[in-house]
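A.B. asks: I would like to see how this sequence folds:
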Amino acid sequence: MNFNEPHLDYAGISPLIALTVGICVVLLSAVFKPTKRWAPGLTTIALAATAGLLIWQWDDPKTLITGALRLDDLAISISLISILTAGFCVVLSLRERATEEAGSGEYHSLLLGSVLGMVLLAQATNLVSFFVALETLSIPLYILCATNLRREGSLESGLKYLIVGSIGSATLLYGMAFLYGGTGATNFAGIADGIARNGLDGDPLILIGIAMAAVGLAFKTSIAPFHQWTPDVYQGAPTPITAFMAVATKAAAFAVFLRFFDVALGSQLDDWQPALAALAAISIVVGNVGALGQDSLKRMLGYSGVAQAGYMLGGVVVLSESGTSSLVFYLAAYAFMNLAAFAVIVGRERETIFGDDIRAVRGLGTERPLLAWPLTISMLALAGLPATAGFIGKLYLIEALVEGDYTWLAVFIAIGTMISLAYYLRVVAAMWMRPETEVASGARPVIAGASPEADPVDPDAGSRWYIVGPALLAAAVTVFFGIIPQPLVEFASHAGAALFG
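C.D. replies: Prediction:
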């Protein structure tokens, strides 16, 4: 018997190689004393090299590793969003207590490991690579959520994410087993062929597999009613990691959501499309209503993320080029909107006694206008007000839904947007219309809303470049793409054409 080795396109897998080498180098940097402080710089170099290798292959689609992966503009665009978010996370993690507790090398190598999973997930076209990528993404995040070892909330969030994430992964795996059992294939295209060849349209085995796979992905993307872990984990995790999870995890999971349901399950459209539309509507309602009573900014953004996931799911529901393009546009805009908000929260957590409570931003417009403006822009953009990328993104999603005969879901987006104004504008009002809160500059007193486990106060944290810089940059990009959206529209349209063109 002759053994034929599989062909490896080293140019195609070069981004994966760059990330893998980066993980090893960053982890080893923690071993040697002279290089212990190099981890953030080495991580940034690894991310930049990966981004460069991905951009180099833009508009050059190729199938990799015997059909297990597909490198096209959809995978590249989603990978770039994840890498960008990780880059922001590296900067926001400077002087972060969790980085010191876990060890800088270990912390940053785990971050790169999760990015590797996201890049793989965006390219996955096979059930095996799909599941391996999802676990490669998730396992480092379970640890990163618990890296602030002195805070009970951080350990609790890591444990909750581990338990709920494992349930989601198990559910997804069961769904995959049903699909493989019915079709005899693991490749997405092979599953579609198996359904057609074996006459399995509407077969209970396939329908159960689709339902369980959708539930597993709903856990990962924080879609209601599978969102219960989100507010608790967002609040307890170190804030830079919360920012990374809020954006990058959604981007990678929605990428495989699109590819899996289009390529493998497109023939079952009439079965799963109404169910996903109902989940999107539920998520919009639950997320917006849940955010109304939140005083914790991170919990509020957690519930906001549930509602935003409902908006994004609309791009999957219509299963069209315009739906995919609008989803990628919104994911990119969502990245900048959220990163601006989380950068401000990081600064206020470090310089006030109130942590992520809304009292921490009271009077911010007077005290720290360079932080108040990015948070204001972020809140207005998340609410979908004009002259922001959030407004353009929602407009494109609504247009795609109307074209796809899901006007009722577009109405849900409009109603959800109106409800969201109540909690987004509450934050804006606290910054600009409330008196300034006195900030302690020593040890934290044990008062309502302040934890005795929390980090010591740094009165100048909100003026440091690694807080102000990312906040201003993300806010500026949010406004830029709200006024001149065309570059981001073209970026997103390439992703839609890669899947449907």
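A.B. asks: worst-scoring helix or strand of this protein, pLDDT-wise?
C.D. replies: Ranked by mean pLDDT, DSSP states H and E, the weakest helix or strand in the chain is helix 97-102, scoring a mean of 86.
A.B. asks: so what touches that one?
C.D. replies: Residues from elsewhere that reach helix 97-102, judged by CB atoms under 8 Å, 6 or more residues apart in numbering: 93, 107-108, 110, 143-144, 147-150, 154, 238, 240-241, 455. From N, CA and C alone the C-beta is placed, and that goes for glycine too.
A.B. asks: out of those, which is nearest to P225?
C.D. replies: Closest to P225 out of those is I241 (24.6 Å), distances taken as CB to CB.
A.B. asks: just checking, what packs against the host helix or strand of that closest one?
C.D. replies: Per DSSP states H and E: I241 is located in helix 239-244. Secondary-structure packing of helix 239-244 (3 or more CB pairs under 8 Å, 6 or more residues apart in numbering; DSSP states H and E): helix 73-92, helix 127-145, helix 229-236, helix 297-317, helix 321-351.
A.B. asks: ok now the last one, how far from the chain's centre?
C.D. replies: Centre-to-centre, helix 321-351 and its host chain are 9 Å apart (CA atoms, centre = their mean, to the nearest Å).
A.B. asks: do the second one as well
C.D. replies: In terms of CA atoms, centre = their mean, the centre of helix 127-145 is set 13 Å apart from its chain centre.
A.B. asks: now the helix or strand just after that helix: average pLDDT?
C.D. replies: For helix 127-145, the succeeding helix or strand toward the C-terminus, using DSSP H and E, is helix 152-183. The average pLDDT within helix 152-183 is 90.
A.B. asks: now helix 152-183: buried residues?
C.D. replies: Counting neighbours by 16 or more other CB atoms under 10 Å, one finds that the buried residues in helix 152-183 are 153-158, 160-162, 164-165, 168-169, 171-176, 178-180, 182-183.
A.B. asks: if we can go back for a sec, can the helices and strands packed on helix 239-244 go into a markdown table with extra columns for distance to V428?
C.D. replies: Listed next are these as a markdown table, based on distance: least, CB to CB, whole Å:
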| stretch | distance to V428 |
| --- | --- |
| helix 73-92 | 22 |
| helix 127-145 | 29 |
| helix 229-236 | 20 |
| helix 297-317 | 12 |
| helix 321-351 | 12 |
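A.B. asks: just put those in TSV and tack on mean neighbour count, mean pLDDT and distance to I358.
C.D. replies: Compiled in TSV, the helices and strands packed on helix 239-244 are given as follows (neighbours: other CB atoms under 10 Å; pLDDT from 0 to 100; distance: least, CB to CB, whole Å):
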stretch	mean neighbour count	mean pLDDT	distance to I358
helix 73-92	25	96	20
helix 127-145	21	94	23
helix 229-236	25	91	13
helix 297-317	27	95	6
helix 321-351	28	94	10
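A.B. asks: sorry, back to before: so for the helix holding I241, mean pLDDT?
C.D. replies: 94.
A.B. asks: you'd agree H7 is in a strand?
C.D. replies: No. Counting by DSSP: H, G, I helix; E, B strand; the rest coil, H7 is not found in a strand; it is coil.
A.B. asks: can you get me a residue count around the residue lying closest to it once chain neighbours are set aside?
C.D. replies: Once flanking residues are discounted, H7 sits nearest to T66: 7.8 Å by CB to CB, 6 or more residues apart in numbering. Each residue near T66 was counted by other CB atoms under 10 Å, and the total is 11.
A.B. asks: one more: L425?
C.D. replies: With other CB under 10 Å as criterion, L425 counts 15.
A.B. asks: is it correct that it is in contact with L385?
C.D. replies: No. L425 is beyond contact range of L385, at 9.7 Å (criterion: CB atoms under 8 Å).
A.B. asks: next one: N198, what pLDDT does it get?
C.D. replies: If you check N198, the pLDDT there is 81.
A.B. asks: how is the chain partitioned into domains?
C.D. replies: Listed domain ranges for the chain are 13-163+226-262, 283-501 (source: automatic domain parsing).
A.B. asks: outside of stretch 266-278 itself, list whatever touches it.
C.D. replies: Against stretch 266-278 from outside (CB under 8 Å, 6+ apart): 192, 195-196, 201-202, 206-207, 210-211, 214, 261, 265, 313-314, 316-317, 319, 406, 409.
A.B. asks: mind redoing it with 6 Å?
C.D. replies: If you take CB atoms under 6 Å, 6 or more residues apart in numbering as the criterion, stretch 266-278 is touched by 195, 210, 317, 409.
A.B. asks: please apply the same query to stretch 61-79.
C.D. replies: 6, 9, 12-13, 54, 58, 119, 122-123, 125-126, 129, 187, 251, 255, 328, 494-495, 498-499.
A.B. asks: the residues you listed in helices, which ones?
C.D. replies: Among these, the members found in helices (DSSP state H) are 54, 119, 122-123, 129, 251, 255, 328, 494-495, 498-499.
A.B. asks: and L385, which of the three is it?
C.D. replies: The three-state label given to L385 by three-state DSSP is coil.
A.B. asks: show the pLDDT at it.
C.D. replies: pLDDT, read off for L385, is 93.
A.B. asks: and it, how close does it get to F480?
C.D. replies: Distance of L385 to F480, computed by CB to CB, to the nearest Å: 15 Å.
A.B. asks: and these two? Which one has more around it.
C.D. replies: L385 (18 against 15).
A.B. asks: and the residue nearest in space to the middle of the chain, its phi and psi?
C.D. replies: For the chain, the residue nearest the mean C-alpha position is V247 (2.5 Å; CA atoms, centre = their mean). Per-residue torsions, V247: phi -100, psi -60 (degrees, to the nearest 10).
A.B. asks: surely it and M337 touch.
C.D. replies: No. The criterion here is CB atoms under 6 Å, and V247 misses it with M337 at 9.1 Å.
A.B. asks: between the ones in helices among the contacts of stretch 61-79, which sits nearest V233?
C.D. replies: Out of these, the member with the shortest distance to V233 (by CB to CB) is A251, at 17.5 Å.
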